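Trainee: Structural data only, the sequence is not supplied:
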């Protein structure tokens, strides 16, 4: 390395050294920062509601499909040609109780009645003759004073046979009258024809299906009830009789034409078995007079096949506290503000929830239940608790008086 290069590198190293020394002096001479006081934070603010347990009657919501309470396959008991049909004997036709739907020809059955009447008259004549013979036999026996006279001598078997023949002839006449009456085909209830299977001029045999009909005086709605819902209801699960007013009520709601229409039903029975697939029990809501219109309204009839929603009247449950959904976590945990204004967690049991509220069974009156968001607060945190505005108790049961 020559002298010129040595001088260049030497100068650079000297400049670098002076820079390092100057930086060290500046850092060392900088005054130490003063410690800032740590601000004292106020306890976090939470809002609460006071627990007020009371006896409440909850509502269970479910849904189902309307079915006819009485559905019948109408058959002919006698044979014959259809000679007349009612104008209501059409698909969808309404009919009244005992109104004639079909009339079969009657000539053969009127002839049968005449023959039966003749047979009965002959049987009664023979009975009268036999009664006279029996009376004569008794007189002869008394005159002979024969104490060993048997039943045959007194014509007792012959008299019994004559009486039986009269009874058979009377029964035959009664059957002939019934057959004639059965040529007039009707039903003992108001109803509606679903489908008809016979027409004017058609010959029908005994047992021929004439129509499928249903009763219009009542419809049913089968409503699935889960195990959780079952605990809220007082359903008729046993054979014990009840007063009519003690059966649970059901408000039936159907959407039609963009409007909600309501009917009131009663649950008097349930299915005999729990559904093995869904593990649900079906309650049967009965609605009377579904085709009766209400004056001044445009409510349509509640027809079989309609899909409906139902609100069922629950049983009165004591010791329930109603709170907003914000008060409970998904783990069924509440946060309570204790006497020292400290957050405590409480695992509780909710028996019912809807979109807005939750009903709790195991709270004591006066406990302060936090309803504000406390997700970031840990149990044991001291807080400032403020009473929240009264939870708006919307009408949660349509059965409340």
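Mentor: Great, that's in hand. Keep in mind the model is a prediction, meaning the values are calculated, not measured. Residues are numbered from 1 along each chain as shown.

Trainee: for the stretch 51-200 of the chain, what spans make up the strands?
Mentor: 54-68, 71-75, 80-85, 94-95, 102-104, 184-185, 191-196 (DSSP state E, counting those that start in this stretch).

Trainee: quick one: low-confidence parts of the stretch 151-300 of the chain?
Mentor: Residues of the stretch 151-300 of the chain meeting the criterion pLDDT under 70: 151-154, 296.

Trainee: All the strands of the stretch 301-401 of the chain, in order from the start?
Mentor: Here the stretch 301-401 of the chain has its strands, by DSSP E, counting those that start in this stretch, at 307-324, 333-337, 343-347, 350-353, 357-360, 368-370, 384-387.

Trainee: Against which helices or strands is the fourth one packed?
Mentor: With contacts defined as 3 or more C-beta pairs under 8 Å, 6 or more residues apart in numbering; DSSP states H and E, the secondary structure elements packing on strand 350-353 are strand 357-360. For glycine as for every other residue, the C-beta is placed from the backbone atoms N, C-alpha and C.

Trainee: So what touches the strand it packs on?
Mentor: 51, 56, 58, 320-325, 327-328, 334, 348-353, 396 (C-beta atoms under 8 Å, 6 or more residues apart in numbering).

Trainee: quick one: what helix or strand has residue 263 in it?
Mentor: strand 259-270 (DSSP states H and E).

Trainee: Please tell me how far residue 314 sits from residue 327.
Mentor: Going from residue 314 to residue 327 by C-beta to C-beta, to the nearest Å gives 21 Å.

Trainee: more neighbours, the two?
Mentor: Legend: neighbour count by other C-beta atoms under 10 Å for residue 314 and residue 327, higher for residue 327 (25 against 20).

Trainee: Contacts only, for that one.
Mentor: Contacts of residue 327 by C-beta under 8 Å, 6+ apart are 49, 334, 358, 369-371.

Trainee: For these, work out which two are farthest apart.
Mentor: The widest separation within the contacts of residue 327, taken as C-beta to C-beta, falls between 358 and 370 and amounts to 13.6 Å.

Trainee: per-residue pLDDT, residue 35?
Mentor: Reported pLDDT at residue 35 in the predicted model: 56.

Trainee: which residues sit in contact with the residue nearest to the spatial centre of the chain?
Mentor: Closest to where the C-alpha atoms of the chain average out (C-alpha atoms, centre = their mean) is residue 223, at 2.8 Å. Residues counted as contacts of residue 223 (C-beta under 8 Å, 6+ apart) are 62-64, 250, 267, 282-285, 310, 312.
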